[in-house]
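Novice: dropping the sequence and predicted coords here.
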Amino acid sequence: MANKRSGGSSNAASDSGFGVLRDRPDWDNQIATVAARFNREYSGTSLELPDEVKAMPIYQERDAGLLQAKLTSPFWQLAKPQKNQRCLDIGCGVGFLIYAWREWDAIFYGQEVSGIARDLLNSRGPQLNSKLFKGVQLAPAHQLNYEPAQFDLVISTGVSCYYTLDYWKLVLAEVKRVLKPGGFFVFDVVDSELATAENWAILETYMGAEVYLESLTDWKKVIQGAGGKVVKTHSGEIFQLLKVSF
């Protein structure tokens, strides 16, 4: 089942390739579990699911290719990258192959926990636009190996739901550090009040990565605690996008 303010565990940490958060070992497990889940997806493999899960309407939507539209958060509607802006996408997946980076003429840096996604983008990205594409690092969201005030815009969609609020406090602190004054952080959170969101969280847990259902109120408290302010929102069928300034 999806997790509401509770912990998860995995034995995948030893294979993650990431530095262990020794004071918070569950976080390292979560990172490794998410990496394994998306490596399976990008390699075209999947877990065998119980029949009762396959009978869920949301699984049938996924099987029919209809679910992805509900999962896509249009970050560009809250903060469209501008020409020559430096943009960091945390948990970028294969976004540079999909989103309109070349039309925006924005400079793209990526960060991923999936080695398969990292390798694919680093192989294909320079072929598409070697000027705009600056490469993808294999690292978790709390390890941003960039200079202070390096980015005009930081983006992270489809990521926060796999981690606890305490972990995300680390992420917000790092994002604040690498953002330029006046820059924005646009990321999405699961709207836990939506039935569709809870059903997706159950499905995603069976897909191999536990989802944490936190209230929007608690998310806003964490953002405020990090010195941030939500300046704009966009509601979807599962996720809510938040545009944050520091």
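Specialist: Yes, it's here. Please read all numbers here as calculations on a predicted model, not as lab measurements.

Novice: can you give me the strands in this protein?
Specialist: All strands of the chain, identified by DSSP state E, fall at 86-90, 107-112, 133-138, 151-156, 179-190, 229-235, 239-245.

Novice: so for the last one, what's the average pLDDT?
Specialist: To tie it back to what came earlier, the one meant is strand 239-245. Mean pLDDT, strand 239-245: 97.

Novice: output the longest helix belonging to this structure.
Specialist: Secondary structure of the chain read by DSSP state H shows that its longest helix is helix 25-43.

Novice: ok, now how distant is Met42 from Leu120?
Specialist: Small correction: residue 42 is Tyr, not Met. 7 Å (CB to CB, to the nearest Å). (Glycine included, C-beta is placed from N, CA and C.)

Novice: which neighbours do the two have in common?
Specialist: Counting by CB atoms under 8 Å, 6 or more residues apart in numbering, the shared contacts of Tyr42 and Leu120 are Val94.

Novice: coming back round to it: against which helices or strands is the longest helix of the chain packed?
Specialist: With contacts defined as 3 or more CB pairs under 8 Å, 6 or more residues apart in numbering; DSSP states H and E, the packing partners of helix 25-43 are helix 115-129.

Novice: report the angle between the helix it packs on and strand 107-112.
Specialist: Put simply, helix 115-129 runs at 170 degrees to strand 107-112, going by axes from the mean of the first three to the mean of the last three CA atoms, to 10 degrees.

Novice: where in this structure is pLDDT low?
Specialist: 1-25 (pLDDT under 70).

Novice: I am finished for the moment; much appreciated.
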